[in-house]
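Undergrad: Have a look at this prediction, sequence included:
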Amino acid sequence: MRWNLDPTHTSIEFAVRHMMIATVKGTLNLKEGFVETDEAGRPLRVEARLDARSIHTGVPDRDSHL
């Protein structure tokens, strides 16, 4: 089965370690995507296109650098 992802109801979040001291968290907007599953509902394939310009970490200077 193929399930299309709805950008208005999908949240893309990330967290990465920075210099082994802090964890930087942020979000990105989804442009489009889908999930393909087998008959038992197990994911077989996931594909997503993100809007890199939408990155938000809470620090504007970091966002523009990324």
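TA: Noted; the coordinates are in hand. Numbering: from 1, shown residues only.

Undergrad: any idea how far Ala40 is from Glu47?
TA: Taken as C-beta to C-beta, to the nearest Å, the spacing of Ala40 relative to Glu47 amounts to 20 Å. Yep, even glycine has a C-beta here, placed from its N, CA and C like the rest.

Undergrad: Among these two, which residue is more densely surrounded?
TA: Taking other C-beta atoms under 10 Å, Ala40 and Glu47 do not tie; Glu47 has more neighbours (10 against 5).

Undergrad: sec struct for the more buried one, please.
TA: Classification of Glu47 by DSSP: H, G, I helix; E, B strand; the rest coil places it in strand.

Undergrad: from what I can see it touches Phe34, true?
TA: Yes - using C-beta atoms under 8 Å, Glu47 is in contact with Phe34, at 5.7 Å.

Undergrad: so who does the most centrally placed residue in the chain touch?
TA: Taking C-alpha atoms, centre = their mean as the criterion, Ile12 is the residue nearest the geometric centre of the chain, at 3.0 Å. By C-beta atoms under 8 Å, 6 or more residues apart in numbering, Ile12 lies in contact with Thr27, Leu28, Asn29, Leu30, Ala48, Leu50.

Undergrad: do the same with Val46
TA: Applying C-beta under 8 Å, 6+ apart, the residues near Val46 are Gly33, Phe34, Val35, Glu36.

Undergrad: do Asp63 as well
TA: With contact taken as C-beta under 8 Å, 6+ apart, Asp63 is in contact with Gly26, Ile55, His56, Thr57.

Undergrad: so is it in a helix, a strand, or just coil?
TA: helix.

Undergrad: No more questions from me, cheers.
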